[in-house]
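Student: here is the input, now give the coordinates:
(chains A and B)
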Amino acid sequence: MIEVKVDSVRVNLVGTHRVVILKELHSERYLPIWIGQAEAESITLQLTNTKVPRPLTHDLIVDAIRALGATVRYVLVNDLRDETFYARIVLRTRDGKDLSIDSRPSDAIAIAVRVGCSIYVDDDVMAQHGHEPEEESTEEQQEEDLGAFKDFLSTLDLDDLDKK
Amino acid sequence: MVEMLIESIRVSLMTNSQVIILREMEGKRRLPIFVGKPEGDAITLHLNGITAPRPLTHDLAASILKSLEADVNHVVINDLRKQHFYAIIVLQPSGDEEAEITLDARPSDAIAIAVRVGCPIFVAEHVLEEAGVEPVELGSTPSKEDLGAFSDFISSLDLSDLDKDK
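Tutor: Residues are numbered from 1 along each chain as shown, chains lettered A, B, ... in the order given. Below is the predicted model:
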């Protein structure tokens, strides 16, 4: 199990879906997970400490868990099948028994940020679907990358500028 | 407390919000409650017997309550302040008939959970008195007074204008 934190919640401008980016705690590896708008808002509101006048659904769930004397030990994104991520919420009951509850990652994360518990990703899921940012490019490579712009610039006839 | 049924869920075409119409079980009064789209969808999906491939947030809430061996006794829409309805979810932990746990909730969440666990939905009498509506009897002949606005409008029309636009 690899511990992660919520790096960011991003908005897709053309759809109603959002992406939550999980970042490996001790490494530069990221796991993006598509989530629904309502769950994204719930995560964002909590992370920005925005007070809402009435409890959101995830606040209610956390209230229920606490009122029943249980605690959330951790949440785990444990699988990816048919392009769908799966998660578990691990609760410890009043009697000290551990329960693992099936959940979507979005709900698990929305609950984790409220109770402040750890968020984990299964090793295999991270190995297969995690992204590492590209290495910083060398100066030589950068020049090469900019070649297209240079070519474009040299085709411009700046004498034309005044004609309009 | 008055027991209610979910009569319908209506979608506002202008905004994203939906309206749940609760109907008195043994009476005619209705209570319309505006809810957010995700909560409205959560109620509609369940009432239509549609199971999402993955648990929705309210399915998760119900499964957590079940795993923690708490029964949902009932839910109550118990207050209306500044145009906001308030609700409570009353839980009964297993093995303790006496103990009741009350959770503060939005009516939409309370109803979405109630339909999943199959518990009764109540409304406090004072809330129903304040915000309940009684449907107008259909079939009764409208009085001249009721139709006054229409008569006034019709008599204000200048029918000789009709052809001028063409």
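Student: for stretch A:126-136, what is the average pLDDT?
Tutor: In this model, stretch A:126-136 carries a mean pLDDT of 86.
Student: pull the distance from that stretch to the chain's centre.
Tutor: The chain centroid and the centroid of stretch A:126-136 are separated by 14 Å under C-alpha atoms, centre = their mean, to the nearest Å.
Student: neighbouring contacts of it?
Tutor: If you take C-beta atoms under 8 Å, 6 or more residues apart in numbering or on different chains as the criterion, stretch A:126-136 is touched by A:2, A:24, A:28-32, A:80, A:121. Every C-beta, even on glycine, is put in place using the N, C-alpha and C of the backbone.
Student: inside strands: which ones of those residues?
Tutor: In strands, judged by DSSP state E, the following of those are found: A:2, A:24, A:30-32, A:80, A:121.
Student: nearest to chain B within chain A, name that residue for me.
Tutor: Chain B sits closest to residue A:38 of chain A, with a gap of 3.8 Å, by C-beta to the nearest C-beta.
Student: please name the nearest non-neighbouring residue to the one residue in chain B that gets nearest to chain A.
Tutor: Residue nearest to chain A within chain B (C-beta to the nearest C-beta): residue B:38, separated by 3.8 Å. Closest residue in space to residue B:38, ignoring its immediate chain neighbours: residue A:38 at 3.8 Å, by C-beta to C-beta, 6 or more residues apart in numbering or on different chains.
Student: quick one: secondary structure of the one you found?
Tutor: helix (DSSP: H, G, I helix; E, B strand; the rest coil).
Student: residue A:128: how many residues sit nearby?
Tutor: 10 (other C-beta atoms under 10 Å in any protein chain shown).
Student: next one: the strand or helix carrying it to chain centre, how far?
Tutor: Under the criterion of DSSP states H and E, residue A:128 resides in helix A:123-129. Helix A:123-129 sits 15 Å away from the centroid of its parent chain (C-alpha atoms, centre = their mean).
Student: and that helix, which residues are buried?
Tutor: Buried residues in helix A:123-129, counted by 16 or more other C-beta atoms under 10 Å in any protein chain shown: A:125-126.
Student: part of a helix, is the residue of chain B closest to chain A?
Tutor: Yes. Counting by three-state DSSP, residue B:38 is part of a helix.
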